[in-house]
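# Sequence unavailable; structure follows:
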């Protein structure tokens, strides 16, 4: 856990935190605008210094900065443990991005929750530790992951990180349920470059990460076209699901910069405020 937490906090530090207001009047500390006084405004609400400059009375409005909630799901299934060469596994990259996002939103005064946790989303340093601890839990896992059946808070934002190579039905159900509750978010498909390029030729033995499935072929190159076609079809299915539910789709390869992926995710969250 210390290595994961340290890496996530260093990654989060590369993102410049901006103001987290919602650009509308409400409870908060940051000044937003002056408006003309209206019937029903209390005398305390009037900014007498600004009003003294003319004949009208003005009310000083602050920006609404109500805390928001970010829900995270990180697929910890066996398929996510694949890694080729000296690249990080899909799981470690997904864990790092998710925890870095949690660090960013919690430091901004918001709440973060993890689908693996039974507790509701919270803020504070303790929640960051709880999320990191939950992400590092071991135990038996299925070949492919599916989102945990957890009801997300109304109007929350969410980020799901997975290779999304398993049965798409549970994911469709989860996003449909989330959309019904006004939850918007991003699906991040995390893949190793070898899964994208299929650089295999000649005699090759393919084995699932759990060892449950094993397939040997003498001409792996003949499988490439069918494999790439099925991968493209799955990605198109994910994009269509996002379009129907108001979510975004983002593709990330483990040889790409984690900083750019985090910046893209964080920017998307900011735009949905």
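Looks like it arrived, so ask away. Note that the structure is predicted; figures quoted are calculated from it, not measured.
# how about low-confidence regions in this structure?
Within the chain, the segments meeting pLDDT under 70 span 1, 16-34, 61-67, 149, 271-273.
# So which residues of it form helices?
Applying DSSP state H to the chain gives helices spanning 2-13, 48-51, 90-107, 125-135, 169-180, 193-197, 224-245, 258-271.
# Quick check: which of these is buried the most?
helix 90-107 (a mean of 24; mean count of other C-beta atoms under 10 Å). (Each C-beta comes from the backbone N, C-alpha and C, glycine too.)
# Return the list of strands paired to the longest strand seen in the chain, each annotated with direction.
Counting residues, the longest strand in the chain under DSSP state E turns out to be strand 184-191. Looking at strand 184-191 with DSSP bridges, its partner strands are strand 157-162 (parallel), strand 248-253 (parallel).
# quick one: contacts of the first one?
Okay, so that is strand 157-162. Residues from elsewhere that reach strand 157-162 (C-beta atoms under 8 Å, 6 or more residues apart in numbering): 68-75, 77, 80, 94, 97-98, 101, 145, 147, 152, 171, 174, 178, 183-190, 265, 269, 272.
# Can you flag the buried ones in those?
With neighbours counted by 16 or more other C-beta atoms under 10 Å, the contacts of strand 157-162 contain buried members at 68-75, 77, 80, 94, 97-98, 101, 145, 147, 152, 171, 174, 178, 183-190, 265, 269.
# Who are the contact partners of the closest residue in space to residue 206 that isn't next to it in sequence?
Take residue 206 and drop its neighbours on the chain: the residue closest to it by C-beta to C-beta, 6 or more residues apart in numbering is residue 215, 4.6 Å away. By C-beta under 8 Å, 6+ apart, the residues touching residue 215 are 205-207.
# Which single one of those residues is nearest to residue 6?
residue 207 (32.7 Å; C-beta to C-beta).
# Roughly how far does that closest one sit from residue 48?
76 Å (C-beta to C-beta, to the nearest Å).
# show me what contacts the closest residue to residue 56 other than its chain neighbours?
Of all residues not flanking residue 56 in the chain, residue 36 sits nearest, at 6.0 Å (C-beta to C-beta, 6+ apart). Contacts for residue 36 (C-beta under 8 Å, 6+ apart) come out as 56-59.
# re the thing from before, show me how far the longest strand of the chain is from its chain's centre.
On the basis of C-alpha atoms, centre = their mean, to the nearest Å, strand 184-191 is displaced by 7 Å from the centre of the chain it belongs to.
# Residue nearest the middle of this protein, spatially speaking?
residue 159 (2.5 Å; C-alpha atoms, centre = their mean).
# circling back to that earlier point, which one of the contacts of residue 215 sits closest to residue 226?
Nearest to residue 226 among these is residue 206, at 13.1 Å by C-beta to C-beta.
# Isn't the closest one up against residue 227?
No. Look at residue 206 against residue 227 with C-beta atoms under 8 Å: they stay out of range, at 10.0 Å.
# where's the residue nearest to the centre of the chain relative to residue 96, distance?
According to C-beta to C-beta, residue 159 stands 13 Å off from residue 96.
# Residue 226 now?
According to C-beta to C-beta, residue 226 and residue 96 sit 33 Å apart.
# same check, this time on residue 143
Taking C-beta to C-beta, one finds residue 143 at 23 Å from residue 96.
# try residue 183
Between residue 183 and residue 96 the computed distance is 23 Å (C-beta to C-beta).
# How about residue 193?
17 Å.
# Show me where the stretch 1-150 of the chain has its strands.
With DSSP state E, counting those that start in this stretch, the ranges of strands along the stretch 1-150 of the chain come out as 31-36, 58-62, 69-74, 111-114.
# Turn the ones you listed into JSON lines, columns for distance to residue 234.
Compiled in JSON lines, the strands of the stretch 1-150 of the chain are given as follows (distance: least, C-beta to C-beta, whole Å):
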{"stretch": "strand 31-36", "distance to residue 234": "45"}
{"stretch": "strand 58-62", "distance to residue 234": "47"}
{"stretch": "strand 69-74", "distance to residue 234": "18"}
{"stretch": "strand 111-114", "distance to residue 234": "25"}
